[in-house]
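Q: Just the structure for this:
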Amino acid sequence: IVIGVGASALKPIRSARTSDPDLLAMFVRPLVAWSGGNPTVTRLMNNTPWIQALNPSQATNAYSRNRAKSAPHNLIVDVPVLYTYADQPPAIPTPIFGYRVAGSEPVGAPTPGFQLFVGKSPSSWVWSAETGTWLRWANGVRQTVEGGPQIAATNVVVLHTPYEASSADRLSPEARTVGDGAAWVFTDGRVIEGRWERAEITQPWKLTDPEGRPILLTPGNTWVELPSPDASPNLIDQSVADGLLAG
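A: Sure, this is the predicted structure:
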């Protein structure tokens with residue numbers, strides 16, 4: 001997980017994967033909270049110069065356990081404390097996406113939402129005109145912040161991403177985030193189909209429509225889904241969206 005601005009504590013913090021260093025390289029040198037991993041993953045995270053990885057053994061005073069929950073779902077990071085370990089001055093990340101000018105006319109085909117599998121995990125996203133966001137369901141259940149509102153995103157970006165077996169664990173899939181593939185951008189109640197391209201690990205994804213023009217997102221927060229190439233988003237009709245909203 002990459003720690004962002006505006007949170008005092010984040011949970012649960014989970015283990016790292018061999019996909020993470022290449023994916024995180026586009027953020028310049030991010031501060032990364034992670035719970036640990038097997039020896040191969042730990043060696044990779046600790047020896048990758050373009051990330052600042054801090055697990056509980058490296059920043060003991062930044063982590064705690066919630067005794068009301070069982071491991072591994074109970075590890076909490078204190079964000080302000082973790083920030084005290086950050087590089088000074090901190091690295092400034094490059095923009096990951098391009099954004100349309102506020103008030104400009106959106107493009108794409110209107111859609112009430114979509115369903116998607118990433119691995120064996122199903123999710124649904126439904127457009128809420130009231131909030132101007134896409135609302136998320138996981139396994140058919142509203143996904144919420146603990147004690148708070150339903151998870152919502154201004155944009156949802158879906159990128160077909162190849163996977164292969166990880167060198168750290170043959171049963172663990174490793175995302176190949178350098179290359180290209182099909183892309184879907186869900187923004188402002190619409191979907192824009194196109195392509196993504198990423199030639200180097202230091203570069204962000206380049207999103208283009210079928211005419212080769214940049215796909216621009218709506219200013220706001222963005223959720224990225226990385227399904228395998230055999231799992232495309234399935235657009236839903238209004239009746240399915242209404243059923244989820246009513247549930």
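Q: partners of the worst-scoring helix or strand of the chain on mean pLDDT, with directions?
A: In the chain, no helix or strand scores lower on mean pLDDT, DSSP states H and E than strand 9-10, which sits at a mean of 89. Applying DSSP bridges, strand 9-10 is found paired with strand 75-78 (antiparallel).
Q: What is the distance between the strand it pairs with and the centre of its chain?
A: How far strand 75-78 lies from its chain's middle: 19 Å, per Cα atoms, centre = their mean, to the nearest Å.
Q: Beyond it, next helix or strand please.
A: helix 79-83 (DSSP states H and E).
Q: what's that following helix packed up against?
A: If contacts are counted by 3 or more Cβ pairs under 8 Å, 6 or more residues apart in numbering; DSSP states H and E, helix 79-83 sits against strand 31-33. Bear in mind the C-beta positions are built from the backbone N, C-alpha and C, glycine included.
Q: try 10 Å this time
A: strand 9-10, strand 31-33, strand 63-65 (3 or more Cβ pairs under 10 Å, 6 or more residues apart in numbering; DSSP states H and E).
Q: Work out for me the element Arg29 sits within.
A: Using DSSP H and E, no helix or strand contains Arg29.
Q: Double-check it against Thr94; I have them as touching.
A: No: the pair Arg29 and Thr94 fails to qualify as a contact (Cβ atoms under 10 Å) at a distance of 11.4 Å.
Q: hey, where'd the helices end up in the chain?
A: 20-24, 39-46, 79-83, 238-246 (DSSP state H).
Q: how far out from the middle of the chain is the last one?
A: Taking Cα atoms, centre = their mean, the mean C-alpha location of helix 238-246 is offset from the chain mean by 25 Å.
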